[in-house]
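>>> For reference, the sequence and a predicted model appear below.
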Number of protein chains: 4
Amino acid sequence: MEKINKSILSKVIKARNPESYKGNYGRILIIAGSLPFGGAAILSTSAAVHTGAGLVTVLTIPEKFTAMNTAVPEAMTLDYNDKEEMIDAIVKNNVIVVGPGLGTSPKTEEIIDTVIKNINPDTTVIMDASALTVAAEKSIDLTSIDKLILTPHQGEWARLSGLDIPEQTPDNNLSALNRIAPKAVLILKKHHSEIYSSEEVLQIDDGNPGMATGGMGDTLTGILAGFIGQFGFSLETISAGLYLHSYIADKINKTDYVVLPSKLISKIPKYMMKFSN
Amino acid sequence: MEKINKSILSKVIKARNPESYKGNYGRILIIAGSLPFGGAAILSTSAAVHTGAGLVTVLTIPEKFTAMNTAVPEAMTLDYNDKEEMIDAIVKNNVIVVGPGLGTSPKTEEIIDTVIKNINPDTTVIMDASALTVAAEKSIDLTSIDKLILTPHQGEWARLSGLDIPEQTPDNNLSALNRIAPKAVLILKKHHSEIYSSEEVLQIDDGNPGMATGGMGDTLTGILAGFIGQFGFSLETISAGLYLHSYIADKINKTDYVVLPSKLISKIPKYMMKFSN
Amino acid sequence: MEKINKSILSKVIKARNPESYKGNYGRILIIAGSLPFGGAAILSTSAAVHTGAGLVTVLTIPEKFTAMNTAVPEAMTLDYNDKEEMIDAIVKNNVIVVGPGLGTSPKTEEIIDTVIKNINPDTTVIMDASALTVAAEKSIDLTSIDKLILTPHQGEWARLSGLDIPEQTPDNNLSALNRIAPKAVLILKKHHSEIYSSEEVLQIDDGNPGMATGGMGDTLTGILAGFIGQFGFSLETISAGLYLHSYIADKINKTDYVVLPSKLISKIPKYMMKFSN
Amino acid sequence: MEKINKSILSKVIKARNPESYKGNYGRILIIAGSLPFGGAAILSTSAAVHTGAGLVTVLTIPEKFTAMNTAVPEAMTLDYNDKEEMIDAIVKNNVIVVGPGLGTSPKTEEIIDTVIKNINPDTTVIMDASALTVAAEKSIDLTSIDKLILTPHQGEWARLSGLDIPEQTPDNNLSALNRIAPKAVLILKKHHSEIYSSEEVLQIDDGNPGMATGGMGDTLTGILAGFIGQFGFSLETISAGLYLHSYIADKINKTDYVVLPSKLISKIPKYMMKFSN
């Protein structure tokens, strides 16, 4: 399994064209949050904004708008209970995160269905957390999405793939992915996370157990969305996003016992600049 | 086209008279925000407060009061759906920003009309974002406003002027401005933004593509409002506000890949002091 | 007129008794805030908490509880529209601030009346802003309050005293105070603020025009409340609170063009420690 | 009485196993907050998150969800007025804090009863503040909880034990604890706080009167919960949590007159790393 190392960052993070404008850096839609899980939406959205995503919209419930506006004034807020508003947002954005804090209610199934039916062929979909659980439970067909990223931890992957954790070997993972969504890229979050795709299987050696805390996965989705919005969908972009997440966490873990998502997010602009070319 | 340079800051930013009080530093009204765009109102208002504006009021919807109070406790909050309250606020303030996050609903047209009908002759109006789009769509007559600043990006200017981006040459821009609002000052936001007025055409060489992110334009409106409230309406004041915005962004961009509006705003008091005379 | 200088701080700010507990450091009630003026309540409350007040409660409207909890989690929140709750709070606390952001509605008159009728004889009342305006308009009799501090700026003092600003000489101020509330201490906020009492007339030379911004007066009320809660009601305590406010502002103004209340507040614990004896 | 010293920190704070995940670091439930006391819930929850607790849920009222999401996006929010949701949360979590900001309404009694009836035998319960007062008033039987920590200050302990403060000698405290809850650990918060258990009686010499401020006790509950979630229930873990709280407070008190809970919380990750082994 090939290792991803620091060089991926300078390869992917490009200096911006002086003539560019925010429309060039992605239109990101974060479909996230429910009454009990409002913070997940904030962390994913804030991470996308801090990577430099051009325009970030969160599709959530109105009860979360105030917290979102306060914590991330750079982002826009829409209501996923308004079907028309949801479809309109899905059509207009080119990177869509589905999952952080949605919970496993029937609403989540409806949201996934609406995304699948309405996205443009070129849109990237990042599925995380509850969306993965619901996709597994309801056997939702994901094969029609051309640019799909799945970001389960081992437990979520067990549900989705039917593979118990000890059975999650590279070969088994790859063939399960090939069955579930052959065009998708799978980020399997664990100690030394792995990336599976039809092209290649990759692994990172970075990361630390201080990251084992609530919200860390939500943060990753926002980083990935921001990277794809700016640098395009590719295995390299995805690898760089995953790598940056662990790289910053390792820097924080030198001084902090737990790596808090909000702190990791605040450091994204500096570490991206350090590796920008 | 003459270039604006750093010297404009020391020229405009005056040391304060020890005997002065907050009433001397402008009464700023920010008409901004709607259900999906609450953050824009926060950023514009916060920028005005951080420049040193004496009294800052935001006219928005009550759903945004809590986020506003939390993020900018220095500002007051009023409801633009209360017509009487709106008119009263328009009459009492001497610098009015219209646009950030208003959206393009009929309400925005009503707001623009109410501003035009009720402002004092000496009041400065800064029109941005949705207000420009609505003014273009509804062909609202802007010629009656004596002190008017328009802050479109190239796309908004295309809608307002009828000039496609390649046609936006200095001569065409100037004659379009002369037709739309001959007394107005136009800030055309782009790589190396330009200022058009009947007096002069100016350009800045500062600024960077890290500014290509949501909320950057909202922030500019607040800086301009704060500058005019304190230093008076003039081409120099406007140039200095525009310049400071890019100048701080360039400082941040030395270390940060993306220039986040909230970070830019937090640095305004220090950079203003540096150039205060 | 005697000058207050830095020595007042070490005189008043006492090192704490190791055996003490929060009940020893004052029970502060901040009656503040209304729909348009929510931030004033936050700034006053936050200032009181940052001085080290033992227990701080804000009596405001429920619409402001969320912003208050987010901005100042150390404080408790009660509703002044619940008469019983208001009376109970007035009885239980020993320092009461009335005014920041209350506005001039009939509610404010009712609140002042309720305070006057229900306070314990030993309770200190600090009246600021709208409360002063309403007291003037409604000719509310303030003579029954034994420990009263009035903190008007010159305009508010004009309304309360009937003295136009040029007439606000030390002699006139003192005799007006003697008529309005002979036992009260008056802080007249202006360039080089003055303190009037039956004992003495004092003045500070510190302070700067960067303080001429919304929320600065609200902040002072919180500092005064915290000081009295901890160091007792006296002319010295009041002088020290006023002095600290200007002293910190002067430090900030060395680097910041405008002195933002939120920044001033954040620095209170450090400057109090510096002068603690 | 044996003294707890700094060595307890390195003994308890273990370097994390690289192969671990957030489920290994505790499922913490904070039952806290009511309309007037929303901040207490924020401080307790935020403290638990900052110690590195794996998953933190706050069971409060929906009116506090927005402040909670904004201040601590890492935590989840549930409604204690939904009985089913409450029971489900009690069953699923293995460390439960009951008390901060609950107030002494009948609801608090109902919550304590529901916790006692539904916890797993292995779950730790930390009772603080209003929960202790209500337990005393209603003579709630606490003997059935195997892992129980009581964190009263001297006044709360007086109500619970029937011992007036001068009577609170080690012997009396121990026999009162033996009567009230023989398996429990008692943290008696005072100048040089004491820990009582059937095994041992301990005391800390750290801590300072700058901690005598609202919210400091709420913060302690969150630290204790996070420690037990990560390092297991034991007298050593409890001692380390109590010690860390005072240790950080002493560091802050070197420069700050009052030790603000929010500041103490922000420093937890650094001081835990310093002593991690």
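Ah, there it is.
>>> going forward, measure contacts and count neighbours with C-alpha atoms only.
Fine.
>>> average pLDDT across stretch A:180-189?
Averaging pLDDT along stretch A:180-189 yields 97.
>>> Retrieve the pLDDT associated with the residue in the stretch 1-150 of chain A that chain D sits nearest to.
Nearest residue of the stretch 1-150 of chain A to chain D (Cα to the nearest Cα) works out as A:Gly39 at 3.8 Å. Reading off the confidence values, A:Gly39 has pLDDT 98.
>>> Can you pull the residues of the stretch 51-200 of chain A lying near chain B?
Taking Cα under 8 Å from any Cα of the partner chain as the criterion, the stretch 51-200 of chain A approaches chain B at residues A:51-56, A:66-67, A:69-70, A:72-78.
>>> Sitting in helices, which of those do you find?
A:51, A:66-67, A:69-70 (DSSP state H).
>>> In terms of helix, strand or coil, where does the nearest residue to A:Val72 once chain neighbours are set aside fall?
Closest residue to A:Val72 apart from its sequence neighbours, by Cα to Cα, 6 or more residues apart in numbering or on different chains: A:Ser46 at 5.9 Å. Under DSSP: H, G, I helix; E, B strand; the rest coil, A:Ser46 falls in the helix class.
>>> quick one, what contacts A:Ser46?
A:71-72, A:219, A:222, A:265 (Cα atoms under 8 Å, 6 or more residues apart in numbering or on different chains).
>>> Same question for A:Pro106.
Per Cα under 8 Å, 6+ apart, neighbours of A:Pro106: none.
>>> quick one, strands of chain A?
Here chain A has its strands, by DSSP state E, at A:2-4, A:27-31, A:55-60, A:76-79, A:95-98, A:124-127, A:147-150, A:185-188, A:194-196, A:201-204.
>>> can you list the residues that contact the longest one?
Here strand A:55-60 makes contact (Cα under 8 Å, 6+ apart) with A:22-23, A:25-34, A:41, A:45, A:48-49, A:74-80, A:86, B:213-214.
>>> before we move on, what about the first one?
Under the contact criterion Cα under 8 Å, 6+ apart, strand A:2-4 has outside partners A:201-205, A:239, A:243.
>>> strand partners of that strand, parallel vs antiparallel please.
If you go by DSSP bridges, strand A:2-4 pairs up with strand A:201-204 (parallel).
>>> export the strand it pairs with as CSV, just CAs?
What follows is strand A:201-204 as a C-alpha-only set of coordinates in CSV (Å, rounded to 0.1, in the frame of the first residue of the first chain):
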residue,chain,number,x,y,z
VAL,A,201,-4.9,2.1,-2.5
LEU,A,202,-3.1,4.6,-0.3
GLN,A,203,-2.4,5.0,3.3
ILE,A,204,-1.3,7.8,5.6
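>>> can you list the residues of chain A near chain D?
Applying Cα under 8 Å from any Cα, one finds that chain A approaches chain D through A:35-40, A:42-43, A:63-64, A:66-68, A:70-71, A:190-191, A:208-210, A:212-215, A:255-261.
>>> Of all residues in chain A, which one is nearest the centre?
Closest to where the C-alpha atoms of chain A average out (Cα atoms, centre = their mean) is A:Thr221, at 2.0 Å.
>>> That one contacts A:Ala129, correct?
No - the pair A:Thr221 / A:Ala129 is not scored as a contact, 9.9 Å apart, by Cα atoms under 8 Å.
>>> dump the residue contacts of whichever residue of the stretch 1-150 of chain A sits closest to chain B.
Nearest residue of the stretch 1-150 of chain A to chain B: A:Pro73, at 3.8 Å (Cα to the nearest Cα). A:Pro73 sits next to B:38-40, B:42-43, B:215 when contact means Cα under 8 Å, 6+ apart.
>>> Could you find the closest non-adjacent residue to A:Gly155?
Nearest one to A:Gly155, counting by Cα to Cα, 6+ apart, is A:Ile165 at 7.2 Å.
>>> err, A:Asn17, not the other one
A:Asn17's closest residue in space is B:Pro209 (Cα to Cα, 6+ apart), at 6.6 Å.
>>> just checking, that neighbour touches A:Gly23?
No - applying Cα under 8 Å as the test, B:Pro209 and A:Gly23 come out as separate, 11.6 Å apart.
>>> Between these two, tell me which one has more neighbours.
B:Pro209 (22 against 15; other Cα atoms under 10 Å in any protein chain shown).
>>> do you know how far that one is from B:Leu260?
To B:Leu260, B:Pro209 is 12 Å away according to Cα to Cα, to the nearest Å.
>>> cool, and A:Val201?
For A:Val201, the distance to B:Leu260 equals 35 Å [Cα to Cα].
>>> ok, and what's touching stretch A:200-212?
By Cα under 8 Å, 6+ apart, the list of residues contacting stretch A:200-212 reads A:1-5, A:170, A:191-196, A:243, A:246-247, A:249-250, A:253, A:256-260, D:16-22, D:25, D:52, D:54.
>>> sorry, back to before: which residues does the residue of the stretch 1-150 of chain A closest to chain D contact?
A:Gly39 makes contacts with A:33, A:101, A:215, D:69-70, D:72-76, as judged by Cα under 8 Å, 6+ apart.
>>> what's the nearest residue to it if we skip its chain neighbours?
In space, and not counting its chain neighbours, A:Gly39 is closest to D:Pro73: 3.8 Å by Cα to Cα, 6+ apart.
>>> where does the one you found land on pLDDT?
D:Pro73 carries a pLDDT value of 98.
>>> Likewise for A:Met1?
You'll see A:Met1 listed with a pLDDT of 83.
>>> quick one on the thing from earlier: tally of neighbours for the residue nearest to A:Gly155?
A:Ile165, neighbours per other Cα under 10 Å, totals 13.
>>> do the one 10 residues further on as well
A:Ser175 is flanked by 15 other residues according to other Cα under 10 Å.
>>> And A:Asn17, by the same measure?
Neighbours of A:Asn17 (other Cα under 10 Å): 12.
>>> top of the contacts of A:Gly39 by neighbour count?
In the contacts of A:Gly39, the most neighbours by other Cα under 10 Å go to D:Glu74, 30 neighbours.
>>> so it sits right up against D:Val49, yeah?
Yes - under the criterion of Cα under 8 Å, D:Glu74 makes contact with D:Val49 at 7.1 Å.
>>> in chain A, which spans are helices?
For chain A, helices defined by DSSP H occupy the ranges A:7-12, A:38-51, A:65-71, A:83-92, A:106-118, A:130-137, A:154-161, A:170-180, A:216-231, A:235-253, A:261-266, A:268-275.
>>> which of these sits most buried?
Between the helices of chain A, helix A:38-51 has the highest mean count of neighbours, a mean of 31, where neighbours are mean count of other Cα atoms under 10 Å in any protein chain shown.
>>> From the chain's centroid, how far away is it?
From the chain centre to the centre of helix A:38-51 is a distance of 10 Å (Cα atoms, centre = their mean, to the nearest Å).
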